[in-house]
Structures are given as structure tokens and as C-alpha cells.
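*Asks:* Sequence first, then the predicted structure:
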Amino acid sequence: MTELLFTDLGLAEPVQRAVQARNHITPTPIQAQAIPKLLKGRDMLGIAQTGTGKTAAFVLPILSRIAHNPPPKRGRRHIRSLILAPTRELAIQIGDDVQAYAKTQRLFQAVIFGGVSQKPQAEKLKRGVDFVIATPGRLLDLMGQGYLDFSHLDTVVFDEADRMLDMGFVHDVRRIIKVLPERRQSLLFSATMPDAIARLSREFLTDPVRVEVTPPSTPLDRIVQTVHHVEKSMKQKLLVEILADATLAKVIIFTRMKHRANRVAEFLKKAGISAAAIHGNKSQGARQHALKAFKDGGIRVLVATDIAARGIDIDGITHVINFELPNEPESYVHRIGRTGRAGASGAAVAFCDASERAYLMDIEKLTRVRLTVVGNGVVDMPARGREAGGFPTRPSGAPQKKRRRGGQNNTRREVRASDKGNFGQVTAVS
């Protein structure tokens, strides 16, 4: 069977040159399925996780469409494409991809999120841009101030739509949709397909084609997972001992709480280990600086909360350390998926104190993987919690994990509070 190449997909010539400049020869499965259909103008529901190449799957057809009907060389630019993302980090990454793939076309973009000054963004939007990449809350604020005109919009993309729902943005998205032209191409991408996403697709998409892919292999296949049973007061000491091993070259450490992320980062710096923390209370400038330093190798350790880490896609992460286990087992899977990418092996280390035993059991039930116990932990898992030959059961008297509906709203308040009253970065594509 002949291998499919990017040159076979029907992309416009400037876009093909940009793809070749990045040394991309063969498309990923999501790109091979999505690009030809999107070039025909179809609406799309895409089920794909981070790491499948989904951003290029929708960015390249949009750029190809613009190449066939380019903006005027002089005069004001009009917004041709709107891309909505649930987090600032994801919006920035999409903006970076647009900038890279648009190098052969003189296009301009505005990446909108909270935490930076409004003035440069407002000035850029007044002059006109071709792309707007935004978080919903910031976009609504700018729309309310009259900075955006979507009358020339061709395409709207909802990326990581399931996370938008989890973070409580569905009403914001509906408000945005109401002001967009009815004649448009609409794309919705989600890592999962809950009933709420199915309803959303019926509401926003017109006769969509559905494409669905999974990563070449699940993260668990390539990740060595271990657990240390340790007293809470001994976690920092154990962390420094583990990080003494130089093979832990690029490490993300996860905590549940923002204040804990700060404390861990400060403790590591005092121990002579280069580290930085990112979470919702950090300024956007501080978050971007920390991410860039981590990506470029300026710091060895990034300490993050789950929300702050969403959308981060950095290659070469050797280890993920769960300093605190998440109270939602799905978050554990998302956490450890930061390592073991692009065919590389990875390692995930979990610290489990007595109060977290129930969380560990939930994780092992979900993943159906028994984490290997290592070290001389000061706290031993009681045998009663594990049934011979089976997966762990919740020990008697362990705290029940509460799944309150209000948890999503609390998450939304945290994100929007840090987002409120500020405006995002604007970059020009050159």
C-alpha cells in the first residue's frame, strides 16, 4: 500500500511549503482523515487527544482556504478564523503553531487570554487580524468593548471542547456563537465523547463529518509507574533524594493545591534544584517565563497544578512525580501522559500518604495497573486493602471521594478569577 504524503492532501502551495519547512512528510491519522474533508468545507466533529497532531489537522486547511482567497495587501484585515481554547496555555500553543505554519503567508493573529495589558491587543485588533485564538471569557470581554467584528468569519474551531464543558464555559460559548455568521465552517474537537459533547455538536455543527483517532499507544504502555508510601511530613525529603538522580532530567511535579506548588518549588530551590511553579494565581508573564525556561532547559523541574498544566505539550519530559495524588483518577492519567511521548519511554512516580490511600485505589481501578511499590516507605499499605488476585478495594474507614456537581463551578471560578480584567498577548505572524 502506497504511503500517504502531505503532498497528496490537496493543500495550497504556500501551506505545503510551510509543512515541508518543518520536515513533515507523512500526515498523522487525524490529519490524513480530517484535512481532505475540511478542504471541502465540511463541518467536523473530531475525537482526538493531545499528541495526535490535531492542531495541524485544522490549522492547515484554514491556512489553505485563506491562501486561495488571500487578504488584501493593503487596507484593514478582517477576522477569517476564530479558534476557542479552554486555557491560556493551549491558546498560546495554538498561536505558536499558526505562526509556524503561516510563515509563507503574511497573516496576523491575536492570541487572547488574561494576565497581560489590554492596550497592545486593542491596538492590534483595531488594525485588523486574520486569526483570533482565545479563551472564552477574555473573548467575551473584548466583544463587549466592541473590538471584534466577525462579519467576515469563515471558520470557527472549538478545541478541547470537553475541557471547556468541565470548566463551565458552555454558556460563554453559546453567547459567542450567537454573534457569528450563520454561513461558516464549524469544527469541534474533543478528547472524549460524553453525552454533553454530542448535544453540543448537534447544536453548533451542520451535517458534520466525524473523525476519530486514538494515540498510537496509550501513555500507560510506555510509562513505568511506581509508588512510594510515605508520611506527609517526609515527602519533601524523599523528593530531594529522588531528584539527586541526574537521569531525572526534565521533571513535572504535580500538586493538588496552588499553595503547595509554591512551597515545593521554593523548597527545591533552597535545595539547589532549579524549579518554578505554575498555577492560576501566578501572573501570565510569570507562567510564560516558567514554561519557556522549562521547555528550553533553563530549569529542570516544573511544579504545577492540574488546571495550570492543561494544554501544556512539551516533548522530552523524562519523569512525572505526583507529589500529591489527585482526587480524580482521570487526572492521574492526564498527568502521567506528559511523559513517554513520541515513542520514548517515561516514568511516573507517585507519593502516597495515609490520607491518599483511597485515591491510589481509585487510580489502580481506573487504569487496571498495579503500581509497583518502591523504596523503604515509612507508611505501608495495609494488606486488607488488597484482595488476593484482584484490584484494590477501599479500606474500611477510608474517606469517600466526593464528586460534587459544584466542583466544576469551583474550577470555573478559579480560572475566570485569574483571567478577569486582563487581556491577552497579540502576535504578528511573519
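*Replies:* Nice, I can see it. Numbers count the residues shown, from 1 in each chain.
*Asks:* Val111 belongs to a helix?
*Replies:* No - residue assignment for Val111, taken from DSSP: H, G, I helix; E, B strand; the rest coil, gives strand, which places it outside any helix.
*Asks:* My read is that it contacts Gln93, right?
*Replies:* No - applying Cβ atoms under 8 Å, one finds Val111 not in contact with Gln93, separated by 9.7 Å. Backbone N, C-alpha and C define where each C-beta goes, glycine included.
*Asks:* element containing the residue nearest to Arg370 when sequence neighbours are not counted, please.
*Replies:* Nearest non-adjacent residue to Arg370, counting by Cβ to Cβ, 6 or more residues apart in numbering: Glu364, 5.9 Å away. For Glu364, the enclosing helix or strand under DSSP states H and E is helix 357-367.
*Asks:* follow-up on the earlier one: settle this for me: the residue nearest to Arg370 is touching Leu371, isn't it.
*Replies:* Yes - counting by Cβ under 8 Å, Glu364 touches Leu371, with 6.4 Å between them.
*Asks:* what's the neighbour count on Ser64?
*Replies:* The tally of other residues near Ser64 (other Cβ atoms under 10 Å) stands at 22.
*Asks:* again with Ile242
*Replies:* With other Cβ under 10 Å as criterion, Ile242 counts 17.
*Asks:* helix, strand or coil for it?
*Replies:* helix.
*Asks:* how much space between it and Ala275?
*Replies:* In this view, Ile242 and Ala275 are 13 Å apart by Cβ to Cβ, to the nearest Å.
*Asks:* from the middle of its chain, how far away would the helix holding Glu364 be?
*Replies:* Chain-centre distance of helix 357-367: 23 Å, with Cα atoms, centre = their mean, to the nearest Å.
*Asks:* Return the alpha-carbon coordinates of it using PDB.
*Replies:* The C-alpha trace of helix 357-367 is given here as PDB (Å, rounded to 0.1, in the frame of the first residue of the first chain):
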ATOM      1  CA  ARG A 357      -4.800   5.600  50.000                       C
ATOM      2  CA  ALA A 358      -8.300   5.700  48.700                       C
ATOM      3  CA  TYR A 359      -7.100   7.900  45.800                       C
ATOM      4  CA  LEU A 360      -4.400   5.400  44.900                       C
ATOM      5  CA  MET A 361      -7.000   2.600  44.900                       C
ATOM      6  CA  ASP A 362      -9.300   4.600  42.600                       C
ATOM      7  CA  ILE A 363      -6.300   5.200  40.200                       C
ATOM      8  CA  GLU A 364      -5.500   1.500  40.100                       C
ATOM      9  CA  LYS A 365      -9.100   0.600  39.500                       C
ATOM     10  CA  LEU A 366      -9.400   3.000  36.600                       C
ATOM     11  CA  THR A 367      -6.100   2.200  34.900                       C
END
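*Asks:* buried sites along that helix?
*Replies:* Using 16 or more other Cβ atoms under 10 Å as the test for burial, helix 357-367 gives Arg357, Ala358, Tyr359, Leu360, Met361, Asp362, Ile363, Glu364, Thr367.
*Asks:* cool, and stretch 275-287?
*Replies:* By 16+ other Cβ under 10 Å, the buried positions in stretch 275-287 come out as Ala275, Ala276, Ala277, Ile278, His279, Gly280, Asn281, Lys282, Gln284, Arg287.
*Asks:* Show only the entries of these found in helices.
*Replies:* Gln284, Arg287 (DSSP state H).
*Asks:* With respect to Ile176, which of the buried residues of stretch 275-287 is nearest?
*Replies:* Gln284 (21.3 Å; Cβ to Cβ).
*Asks:* Quick one, grab the pLDDT at the residue lying closest to that closest one once chain neighbours are set aside.
*Replies:* Spatial nearest neighbour of Gln284, chain neighbours left out: Gly115 (2.4 Å); criterion: Cβ to Cβ, 6+ apart. According to the prediction, Gly115 has pLDDT 73.
*Asks:* correct me, but Gly115 touches Gly280?
*Replies:* No - counting by Cβ under 8 Å, Gly115 sits too far from Gly280 to count as a contact (10.0 Å).
*Asks:* what helix or strand is Asp96 on?
*Replies:* Per DSSP H and E: Asp96 is located in helix 88-101.
*Asks:* Please list the residues outside that helix that contact it.
*Replies:* Residues from elsewhere that reach helix 88-101, judged by Cβ atoms under 8 Å, 6 or more residues apart in numbering: 15, 18-19, 22, 55-56, 59-60, 63, 83, 85, 107, 109, 111-115, 131, 133-135, 159-160, 284, 287-288, 291, 308-313, 419, 424-425, 427, 429-430.
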